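1. Make a model of this:
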Amino acid sequence: MTLATHLDIHPEVATALAANRPVVALESTIISHGMPYPQNVETALKVEAEVRAHGAVPATIAIIKGRLKAGLTPEDIEHLGKSGRDVVKVSRRDIPFIVAAGKTGATTVASTMIVAHMAGIRVFATGGIGGVHRGAERSFDVSADLQELAQTPVTVVCAGAKSILDLGLTLEYLETHGVPVIGYRTDQLPAFFTRDSAFGVDYRLDEAADIAAAMKAKQDLQLKGGMVVANPIPEAFAMPRDKIDAAIEQALAEAVEQKIGGKESTPFLLARVCELTGGNSLAANIQLVLNNARLASAIAARYCELAA
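-> Residues are numbered from 1 along each chain as shown. Okay, the predicted model is just below:
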């Protein structure tokens, strides 16, 4: 058995990779679990179009009927969007079971990184990474995204860690496992819906070419693991920190009351925050993903130039 037994690389993606043209991986959990229908499908297609408009090829990743997919058809995206939370949310631990059962699953940051690496894709754009949840000293609720970043060589462009998390502990965990956090034109870690937080980044880099150079150096040195590129939400779409913090605190309290945890906690919290902010957080979420797609495309293009 070879990897090709389970992995399908979309012809457009395969052609681009073979020609050393830039490719950007995109996750599918944001389609099934991150937004309601039809905004989820509209956003996914818009993000793919944004990647193309900036000179790269999009590769949205999922598991479709037991096949690992690096690149989806519009029909695949429509199916994931309409099915919503009926689709299995797939992290690293789930992949072999969904594949063996021939099921369809939407990939998280961790599993998207895995499939992207299998396909030879080095740059991935998402909304925000998972991390250490608030109260983790009691629950031990830590996202598998962090361990994946420690071992899989994919650069993840995001708007920082999701603001529902414990940002300080998330940074400590990444530091322990040697994962650099790069602030793109910022000295502070963005907090998803807001452009800054009380926490700094490891390195500030102001150009996509500099980020690509660091990626290439890490590859040449054979250092394992990925990088986090923290890209602040555009200022016009950023939300007031006090408003978003109040919504998060209420959503967290409701999650505790309803005993919601594990892989269901993040979708619940994001949906509840959206409700509490009158939908403003959904609009902000869409804009930050588009912004990350633009930066990821630029980084992928610069990396291809260095790898030529």
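
2. Mind naming the longest helix for this structure?
-> For the chain, the helix that runs over the most residues, judged by DSSP state H, is helix 280-307.

3. Where does pLDDT dip in the chain?
-> 1-4, 263 (pLDDT under 70).

4. For the residue nearest the centre of it, give its distance to Ile211.
-> Of all residues in the chain, the one closest to the mean position by Cα atoms, centre = their mean is Thr126, 3.1 Å from it. Counting by Cβ to Cβ, to the nearest Å, the gap from Thr126 to Ile211 is 16 Å. (C-beta placed from N, C-alpha, C; glycine too.)

5. Which residue ranges of the stretch 51-200 of the chain form strands?
-> For the stretch 51-200 of the chain, the strands defined by DSSP state E, counting those that start in this stretch occupy 57-64, 67-70, 88-90, 105-107, 123-125, 155-158, 181-184.

6. And stretch 300-308, what's buried?
-> Residues 300-304 are the ones in stretch 300-308 that count as buried (16 or more other Cβ atoms under 10 Å).

7. Can you tell me what sits against that stretch?
-> Residues from elsewhere that reach stretch 300-308 (Cβ atoms under 8 Å, 6 or more residues apart in numbering): 20-24, 54-56, 122-123, 208-209, 211-213, 215-216.

8. Buried only: go through those for me.
-> Counted by 16+ other Cβ under 10 Å, the contacts of stretch 300-308 give 22-24, 54, 56, 122-123, 208-209, 211-212, 215-216 as buried.

9. got a markdown table for those residues, with distance to Gly261 too?
-> Below are the buried ones among the contacts of stretch 300-308 laid out as a markdown table (distance: Cβ to Cβ, whole Å):
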| residue | distance to Gly261 |
| --- | --- |
| Pro22 | 38 |
| Val23 | 35 |
| Val24 | 32 |
| His54 | 38 |
| Ala56 | 37 |
| Arg122 | 33 |
| Val123 | 32 |
| Ala208 | 38 |
| Ala209 | 42 |
| Ile211 | 35 |
| Ala212 | 38 |
| Met215 | 35 |
| Lys216 | 40 |
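
10. Please identify the one among those that lies nearest to Val90.
-> Val90 has its nearest neighbour among these in Val24, at 19.9 Å by Cβ to Cβ.

11. Helices along the chain, start to end?
-> Assignment of helices within the chain using DSSP H yields the ranges 11-18, 29, 39-53, 74-83, 95-100, 109-119, 136-139, 144-151, 167-176, 208-220, 241-257, 265-276, 280-307.

12. Could you check the ones you listed and tell me which one is nearest Gly200?
-> Nearest of these (Cβ to Cβ): helix 167-176, 8.5 Å.

13. For the closest one, name the packing helices and strands.
-> helix 144-151 (3 or more Cβ pairs under 8 Å, 6 or more residues apart in numbering; DSSP states H and E).

14. Show residues contacting the helix it packs on.
-> 91-93, 108-110, 113-114, 129-132, 156, 170, 173-174, 177-179, 224-228.

15. Tell me which residues of it come out buried.
-> Counting neighbours by 16+ other Cβ under 10 Å, one finds that the buried residues in helix 144-151 are 144-151.

16. Mind listing the residues bridging to the nearest residue to Thr29 once chain neighbours are set aside?
-> Nearest residue to Thr29, sequence neighbours excluded (Cβ to Cβ, 6 or more residues apart in numbering): Ala106, at 4.6 Å. Bridge pairing for Ala106 (DSSP bridges) gives the partners Ala62, Lys89.

17. ok, Ile61 - contacts?
-> Contacts of Ile61 by Cβ under 8 Å, 6+ apart are 25-28, 68-72, 107, 111-112, 115-116.
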